[in-house]
Structures are given as structure tokens and as C-alpha cells.
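Engineer: coords please:
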Amino acid sequence: MVTFYRRLPKFEYLAPKTLKETLNLLAEHDPEKAMVYAGGTDVIPKLKSRLIEVPVVLVDLKDIPDLNYIVYDEKSGLRIGALATIRSVAEDSIVKERFSILSQAANSIASTQVQNRGTIAGNICNALPSADSAPALLCLKAKLLCIGQKGERTIKINEFFTGTGKTALNPNELLKEIQIPNMPENSKGVYIKLSRRSKMDLAVLGVAAVVSVENSLFSDVRIGLGCAAPTPIRANKAEEILKKHAISDELIMKAAQRASEESKPRDSHRASAQYRRWMIEVLVKRAINQALSKLGTFAGGT
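Structural biologist: Numbers count the residues shown, from 1 in each chain. Sure thing, here's the model as predicted:
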């Protein structure tokens, strides 16, 4: 079936040059009538198709150079500006070396063209359960630096998603920066995306795992799930099964089963809830084993 997109609806287009100018513009408008965007890979098609309410004012952030950066510090970790593209994050040498799980997740998002335009910040601000970067950022314990007229505040990413398409951002508040602390010693992460057409399609399921090992024990484990609930989630109870215990196939399987039980997926045209539960069990086990393999450790021993 051929889809014919309509023309863009009418709205006022604004392209501020500084963050201060952006905040002032937003303060002048009803937050229900103003919308901001960075890459526009999600907003523009939805506006053309009338899938979202048409704003009175559309504010384009792309001309604000102070928001486009990827910076690493040995002590504080990684900082990603709101305008850093998905592709720049996926290909950044430091991200690949020290936060490879995020590079994997970014590289799994849509096409190269979309990656060159879209942003990681936009991916999570859409707050869709299928956001590929969200499970990885949950496992990395990211924090989100947000800014508004009243100043800046930091939100933990596990507190950011409040519902499907909803976030903890206040009206006229922007996500300014994603902050990621250094990963623990002897840690590796893996992101696995399940979709019909690889990265060209939205995820049927997204599973992320960060595993830390010490003396043949799981010293820390973090499991992030996408498309497994109304929002991206951590499988906290599954993580507790593994922490401080000896590495074994039986324990990993038990944790994978618990992650499936923790999930609250829904039926959709992409997959049934039951199928998603089955695949959570499969992919959590696979992600943990792949992370262990990267560490040179296996469920049967080192």
C-alpha cells in the first residue's frame, strides 16, 4: 500500500541561535501550543500525517552550537549534548571503547540517513517503549541535565519516563545533556534488538545488559528492557538473582525467567505480549552470556 504524505500543516517556525533565546521564546508561548525538536526525524513525519496535534509554534534547536558535543572526562565520565546526532554517538571512538553498549544501541536505530539527522536526546524524549537507546542508558545509569526558566536540574533516567510518550520534563523545559558515569571495572555491556527488518524497523523487543565480574562472581548486573512495558524499564528483581552469586548457566536462566515475569508487554501488530515474554527470556540470557564472553568469562567458568 502506498502512503501519500500530506503537506506540513501551518505553524510558526522559529530557529533560535542560543539556549537563552530558546527559553525566552518558550516562555512567551503556551506550553501546550509550542513544540521543540532537534533532528525532526520523528516530529516532521508525524506532523505531515497529522498523527500529533499541530503546534502553534515549532522551535528548531539545530542552530544552537552549544548543544552539539560529545565530551569525555576520566573522572566524571561521558557527556552528550542534546544535538549530538545518533550517528556521531555510534561512531565516537570513546563511546565505542568505553561505552560500547551505547554505540551498539545507537547503531541499531533506523537508517544511516536518520542517524545522521536524529539525536539520542530526541530518541529518549519521544519516550516510546521501543526507543533503542533507552535500555542501554538505563543500564549505564545515565542522568539527564534539564534546563528551564527556573534553572537546571538533574533527573535520573529511571525516573524520566512517566508513561508512553510522557516524560518528567516540566512545561517549557528542555533536555540539555545526557550524563553517563564511568562503567565499573571488569564490566562489559551488550544491546540486542529484535525486529522484523533489523535496524530499519522499530524494535519488537530491546534487551540491554551490563555485567561486572569479580572472582568468578557477578559483582553487578544491570538489565534494561524496551517494548516490555509502557516505558523502558530495568529488570531489578532479575538483577538481584545474579548479584554476588557465582556465575552459572542455571542462575542466568533463572534470572532470564524472572525478567520475563517482571515485564508487562502488550499485544501489538508487531508481536503478541506472550511472544515478547518468551523472547525476553531468550535475549536476556543471550545478552548476559555475550557480555561475559567479552570479559573472557563463561558460565562454565573462566
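Engineer: what mean pLDDT does stretch 224-240 have?
Structural biologist: In this model, stretch 224-240 has an average pLDDT of 98.
Engineer: Any idea how far apart the tips of that stretch sit?
Structural biologist: Taking Cα to Cα, to the nearest Å, stretch 224-240 runs 13 Å from one end to the other.
Engineer: Check the gap between the residue lying closest to Arg270 once chain neighbours are set aside and Leu61 for me.
Structural biologist: Excluding its sequence neighbours, the residue lying closest to Arg270 (Cβ to Cβ, 6 or more residues apart in numbering) is Val204, at 5.0 Å. Glycine gets a C-beta too; all of them are placed from N, C-alpha and C. Distance of Val204 to Leu61, given as Cβ to Cβ, to the nearest Å: 31 Å.
Engineer: Strands along the protein, start to end?
Structural biologist: 12-14, 34-37, 57-60, 70-73, 77-81, 143-148, 151-156, 161-163, 166-167, 174-180, 187-194, 205-214, 217-226, 233-234 (DSSP state E).
Engineer: Please indicate which of those strands has the most neighbours on average?
Structural biologist: Comparing those by mean neighbour count (mean count of other Cβ atoms under 10 Å), strand 205-214 ranks first with a mean of 26.
Engineer: In the stretch 201-302 of the chain, mark out all the helices, start to finish.
Structural biologist: Assigned by DSSP state H, counting those that start in this stretch, the stretch 201-302 of the chain shows helices spanning 236-242, 249-262, 273-294.
Engineer: Return the set of buried residues in the first one.
Structural biologist: When burial is assessed from 16 or more other Cβ atoms under 10 Å, helix 236-242 yields the following buried residues: Ala238, Glu239, Ile241, Leu242.
Engineer: Thr119: which of those residues is nearest?
Structural biologist: Glu239 (28.9 Å; Cβ to Cβ).
Engineer: residues in contact with that closest one?
Structural biologist: Residues near Glu239 by Cβ atoms under 8 Å, 6 or more residues apart in numbering: Val221, Arg222, Ile223, Ala255.
Engineer: how about these, which pair is most distant?
Structural biologist: Arg222 and Ala255, at 11.7 Å, using Cβ to Cβ across the contacts of Glu239.
Engineer: name the helices or strands packed onto the helix or strand of the chain with the lowest mean pLDDT?
Structural biologist: Here the helix or strand of the chain ranked lowest by mean pLDDT, DSSP states H and E is helix 43-48, holding a mean of 90. If contacts are counted by 3 or more Cβ pairs under 8 Å, 6 or more residues apart in numbering; DSSP states H and E, helix 43-48 sits against strand 34-37.
Engineer: Bridged to the residue lying closest to Cys125 once chain neighbours are set aside, which residues?
Structural biologist: In space, and not counting its chain neighbours, Cys125 is closest to Leu175: 5.7 Å by Cβ to Cβ, 6+ apart. Under DSSP bridges, the beta-bridge partners of Leu175 are Cys146.
Engineer: quick one: Leu175 from Gly163, how far?
Structural biologist: Look at Leu175 and Gly163: by Cβ to Cβ, they are 17 Å apart.
Engineer: what's the answer for Ile52, then?
Structural biologist: Going from Ile52 to Gly163 by Cβ to Cβ gives 16 Å.
Engineer: and Gln115, how many neighbours?
Structural biologist: By other Cβ atoms under 10 Å, 24 other residues sit near Gln115.
Engineer: Renumber starting at 6 from here on
Structural biologist: With the count now opening at 6, the last piece we talked about shows up as Gln120.
Engineer: Pretty sure it sits against Ser108.
Structural biologist: No: using Cβ atoms under 8 Å, Gln120 is not in contact with Ser108, being 11.7 Å away.
Engineer: Mutual contacts of the two, please.
Structural biologist: Here Gln120 and Ser108 have Ala95 as joint contacts, going by Cβ under 8 Å, 6+ apart.
Engineer: where exactly do the helices run in the stretch 6-155 of the chain?
Structural biologist: Here the stretch 6-155 of the chain has its helices, by DSSP H, counting those that start in this stretch, at 24-32, 48-53, 91-96, 98-103, 105-112, 117-122, 125-130, 138-144.
Engineer: what residues does the third one touch?
Structural biologist: Spelled out, that is helix 91-96. Contacting residues not belonging to helix 91-96 are listed as 44, 75, 85, 100, 107-108, 111-112, 114-115, 117, 119-121, 123-125, 128, 138 [Cβ under 8 Å, 6+ apart].
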